[in-house]
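**Student:** Here you go, sequence then predicted model.
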Amino acid sequence: MSLTAYLPIAIMFFLALAFAAGSMVASRWLTTQNPTPEKLEPYECGIVPLQEPVQRFPVKFYLVAMLFVIFDIEIVFLFAWASRFDSLGWYGVGAVGIFTLLLVETLAYVWKRGALDWNVASRRRRRITAEFEEAA
């Protein structure tokens, strides 16, 4: 296979780069530069923050995001399997069964560890601390 087969891809790549650069230059030339104090204010949900947050995001946010990605990718694999279901036969059913079993086991594990529990008052660690403080 010669490199001429890749010529349309190279042309499309350079056209995309030219379009991106041209759009950025055109937006710079065509817009008015009139920054007002209101435009320079940070905007988030309509409320101007008065101070920086005192604490960082809990790790639980990132853990839930990773779980979402894992189970989202599972759907992609299951869709690919479903589209080739006839040609894979029982081997495909077994492979997807093992794959799904491992994902269900992962879900059970993170559920047991409390990764999906957002109710702070019901956590075992929180109850033990509260009982200890009441006893003191």
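**Tutor:** Here it is on my side, so go on.

**Student:** Find me the pLDDT at A16, would you?
**Tutor:** The per-residue pLDDT reported for A16 equals 97.

**Student:** Which helix or which strand is home to it?
**Tutor:** A16 is part of helix 7-30, with elements assigned from DSSP states H and E.

**Student:** Beyond that helix, next helix or strand please.
**Tutor:** Once helix 7-30 ends, the next helix or strand along the chain (criterion: DSSP H and E) is helix 37-40.

**Student:** Flag every buried residue along that next one.
**Tutor:** Using 16 or more other Cβ atoms under 10 Å as the test for burial, helix 37-40 gives no buried residues. Yep, even glycine has a C-beta here, placed from its N, CA and C like the rest.

**Student:** where are the low-confidence patches of the chain?
**Tutor:** Applying pLDDT under 70 to the chain picks out residues 1, 42-49, 53, 120-136.

**Student:** Apply 80 and report the result again.
**Tutor:** By pLDDT under 80, the low-scoring segments of the chain are 1, 38-61, 113-136.

**Student:** on that earlier part again, need the CA coordinates for the helix holding A16. PDB is fine.
**Tutor:** Written as PDB, here are the backbone C-alpha positions of helix 7-30 (Å, rounded to 0.1, in the frame of the first residue of the first chain):
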ATOM      1  CA  LEU A   7      -3.600  11.700   0.900                       C
ATOM      2  CA  PRO A   8      -7.300  12.300   1.400                       C
ATOM      3  CA  ILE A   9      -6.800  11.900   5.200                       C
ATOM      4  CA  ALA A  10      -3.900  14.400   5.200                       C
ATOM      5  CA  ILE A  11      -5.900  16.900   3.100                       C
ATOM      6  CA  MET A  12      -8.800  16.600   5.500                       C
ATOM      7  CA  PHE A  13      -6.500  17.100   8.500                       C
ATOM      8  CA  PHE A  14      -4.900  20.200   7.100                       C
ATOM      9  CA  LEU A  15      -8.300  21.600   6.100                       C
ATOM     10  CA  ALA A  16      -9.500  21.000   9.700                       C
ATOM     11  CA  LEU A  17      -6.400  22.800  11.100                       C
ATOM     12  CA  ALA A  18      -7.000  25.700   8.600                       C
ATOM     13  CA  PHE A  19     -10.600  26.000   9.600                       C
ATOM     14  CA  ALA A  20      -9.800  26.000  13.300                       C
ATOM     15  CA  ALA A  21      -7.100  28.700  12.900                       C
ATOM     16  CA  GLY A  22      -9.200  30.700  10.500                       C
ATOM     17  CA  SER A  23     -12.200  30.700  12.900                       C
ATOM     18  CA  MET A  24     -10.000  31.900  15.800                       C
ATOM     19  CA  VAL A  25      -8.500  34.700  13.700                       C
ATOM     20  CA  ALA A  26     -11.800  35.700  12.300                       C
ATOM     21  CA  SER A  27     -13.400  35.800  15.800                       C
ATOM     22  CA  ARG A  28     -10.600  38.000  17.000                       C
ATOM     23  CA  TRP A  29     -10.900  40.400  14.100                       C
ATOM     24  CA  LEU A  30     -14.700  40.600  14.100                       C
END
